[in-house]
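Novice: build me a model:
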Amino acid sequence: MAQQDTSCNPKKASSSHLNRDDFDGGPVSVDQIEKGLFLGNVTAATDKETLQTNDISHILTVDSCPLPSHVLQITTLTNKYVQVSDVAKEDLLSHFDECLDFIENALVNNKKILVHCYFGVSRSAAVVIAFIMKKYKISFSPAFERVKSKRKFVGPNPGFVQQLRLFYRMGWRIDVHHEQYKTYRLRLAADKVRKAKILPQSCMDLVKQDPALVQANPEPIVYRCKKCRRIVASKSNIIPHKPIPSNQRFKEVQDTYSDENTGIMIDQICDKLKENSLSSDRSSDVEKEICKDVYFVEPLAWMDGILRQTNGKLHCPKCQSKLGSFSWTMGCHCPCGTQVSPAFYLVPSKVELSRSVQNVQITV
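Specialist: A predicted model of the protein is given here:
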């Protein structure tokens, strides 16, 4: 969503706060990618002559700070601001839909739009590439080359590149039910938990409803506590994975949870999941290939402690039998060789598969 605040506090100088007026983005740099669609730097977005020469009526700012007030006050301009830093672990993907809608609305009305960040190289380039991907129904590489042919020094950071590839896999839209997107968001949430030691309010939607309390259209396949038979997960809560061949084990990137390696972590997630998840293989033999050594699941409302702790045990909310564990920070190394992080898992010997829901449980 566009931000209204026009100030930014990356650091302090004397007793006053810095804002976009205090930064110099270098000389004007702007290129037309397609008819009506321009990609450039912050200097281009703040230069009235450049805006007038190119007949710009819309500006999409994808930056850590909004444009200065003297630009925002130009009545002939329609502005949208999305606050994003140029770091690999930053979530730009979740803003794609609103950004692309803003671009599309300008172009269909025969208006000209400038998409910019600070240098016009990474953040804004990623948004424009996403627009090209969706418009022409193409993958990242041809879209990148198309944009690069018009602006030679574009280069989204590695995290944004992987987000663009995931955008393609989801069908050029944000699919909240897509397995890879679920895991992508869990990884981002885990990074926040590592820093704050608590799950932030903005990530609460990742905690899914207690399947035992679902009364409308309960799923036919569920997992129950083996001791008391309380429902603890539905099939849709399972995050499936395939075993890693023995000759490929122990080749994982180490220490993927440190801040400096978070970009690598996000960079790897899409390709790894494409190989190891159900969504990458639709053959009839998929079910046989899925690992059943550990049941990894989405975070669920009955899981005590997951909102306030970085790791802990999972106990049945009815009989208190230990069912598994969770870890936002360390994840879990499945016996099959797959590393899953963050991890919320049930031990198969503690739960049982039930292929019919005879009645809806309401006992907690």
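
Novice: quick one: end-to-end length of stretch 194-213, please.
Specialist: With CA to CA, to the nearest Å as the measure, stretch 194-213 spans 30 Å from end to end.

Novice: buried set for that stretch?
Specialist: 194, 199, 203, 206, 207, 208, 210, 211, 212 (16 or more other CB atoms under 10 Å). Where you see a C-beta, it was placed from the backbone N, CA and C, and this is true even at glycine.

Novice: now tabulate these in CSV and tack on pLDDT and secondary structure.
Specialist: Compiled in CSV, the buried residues of stretch 194-213 are given as follows (pLDDT from 0 to 100; DSSP: H, G, I helix; E, B strand; the rest coil):
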residue, pLDDT, secondary structure
194, 92, helix
199, 93, coil
203, 93, helix
206, 95, helix
207, 97, coil
208, 96, strand
210, 96, coil
211, 95, helix
212, 94, helix
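
Novice: from the rest of the structure, what touches the host helix or strand of residue 143?
Specialist: Using DSSP states H and E, residue 143 sits in helix 140-148. Under the criterion CB atoms under 8 Å, 6 or more residues apart in numbering, residues 33, 39, 125, 128-130, 132-133, 136, 154, 156, 161, 164-165, 168 lie in contact with helix 140-148.

Novice: for this protein, what are the low-confidence residue spans?
Specialist: 1-25, 246-288, 356-364 (pLDDT under 70).

Novice: please parse it into its domains.
Specialist: Domain assignment for the chain by automatic domain parsing gives 7-175, 205-354.

Novice: what about the last one, start to end distance?
Specialist: Distance between the two ends of domain 205-354: 26 Å, counting by CA to CA.

Novice: quick one: distance of it to the chain centre.
Specialist: Chain-centre distance of domain 205-354: 18 Å, with CA atoms, centre = their mean, to the nearest Å.

Novice: just tell me which of the domains of the chain ends up closest to residue 183.
Specialist: Closest approach to residue 183 among the domains of the chain (CB to CB): domain 205-354, 6.0 Å.

Novice: so where do the helices sit in the stretch 101-250 of the chain?
Specialist: Assigned by DSSP state H, counting those that start in this stretch, the stretch 101-250 of the chain shows helices spanning 123-136, 140-148, 158-169, 179-196.

Novice: now do the buried residues in the third one.
Specialist: Read that as helix 158-169. Across helix 158-169, burial judged by 16+ other CB under 10 Å covers 159, 160, 161, 162, 163, 164, 165, 166, 167, 168, 169.

Novice: with distance to residue 98 added, can I get these in TSV?
Specialist: Output for the buried residues of helix 158-169, formatted as TSV (distance: CB to CB, whole Å):
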residue	distance to residue 98
159	19
160	16
161	20
162	20
163	15
164	16
165	20
166	17
167	13
168	18
169	20
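
Novice: and which of these is nearest residue 96?
Specialist: residue 167 (6.0 Å).

Novice: verify the contact between the closest one and residue 96 for me.
Specialist: Yes: using CB atoms under 8 Å, residue 167 is in contact with residue 96, at 6.0 Å.

Novice: next, show the common contact partners of these two.
Specialist: Applying CB under 8 Å, 6+ apart, one finds that residue 167 and residue 96 are jointly contacted by 130, 174.

Novice: neighbours around residue 89, how many?
Specialist: Per other CB atoms under 10 Å, the neighbour tally for residue 89 reads 19.

Novice: offset the numbering so it begins at 6, please.
Specialist: New numbering, starting at 6: the last item is residue 94.

Novice: that one against residue 165, yeah?
Specialist: No: the pair residue 94 / residue 165 is not scored as a contact, 10.4 Å apart, by CB under 8 Å.

Novice: any idea how far residue 97 lies from residue 204?
Specialist: Using CB to CB, to the nearest Å, residue 97 is found at 21 Å from residue 204.

Novice: how much space is there between residue 108 and residue 101?
Specialist: Look at residue 108 and residue 101: by CB to CB, they are 10 Å apart.

Novice: ugh, wrong one, I meant residue 246
Specialist: 26 Å.

Novice: who has more neighbours, the two?
Specialist: For residue 246 and residue 101, the more surrounded residue by other CB under 10 Å is residue 246, and the numbers stand at 26 against 23.

Novice: do you know how far residue 140 is from residue 129?
Specialist: Per CB to CB, residue 140 is found 16 Å from residue 129.

Novice: more crowded one of these two?
Specialist: For residue 140 versus residue 129, neighbours defined as other CB under 10 Å are more numerous around residue 129 (32 against 16).

Novice: skipping its backbone neighbours, what lies nearest the more buried one in space?
Specialist: Excluding the flanking residues, the one nearest residue 129 by CB to CB, 6 or more residues apart in numbering is residue 122, at 4.1 Å.

Novice: burial of that neighbour, as a residue count?
Specialist: By other CB under 10 Å, 27 other residues sit near residue 122.

Novice: tell me if I'm right that it and residue 64 touch.
Specialist: No: the pair residue 122 / residue 64 is not scored as a contact, 11.6 Å apart, by CB under 8 Å.

Novice: pretty sure residue 333 sits against residue 313.
Specialist: No: using CB under 8 Å, residue 333 is not in contact with residue 313; the gap is 10.8 Å.

Novice: okay, and the common contacts of those two?
Specialist: Common neighbours of residue 333 and residue 313, using CB under 8 Å, 6+ apart, are residue 204.

Novice: more neighbours: which of the two?
Specialist: Each of residue 333 and residue 313 has its neighbours counted (other CB under 10 Å); residue 333 has more, 26 against 11.
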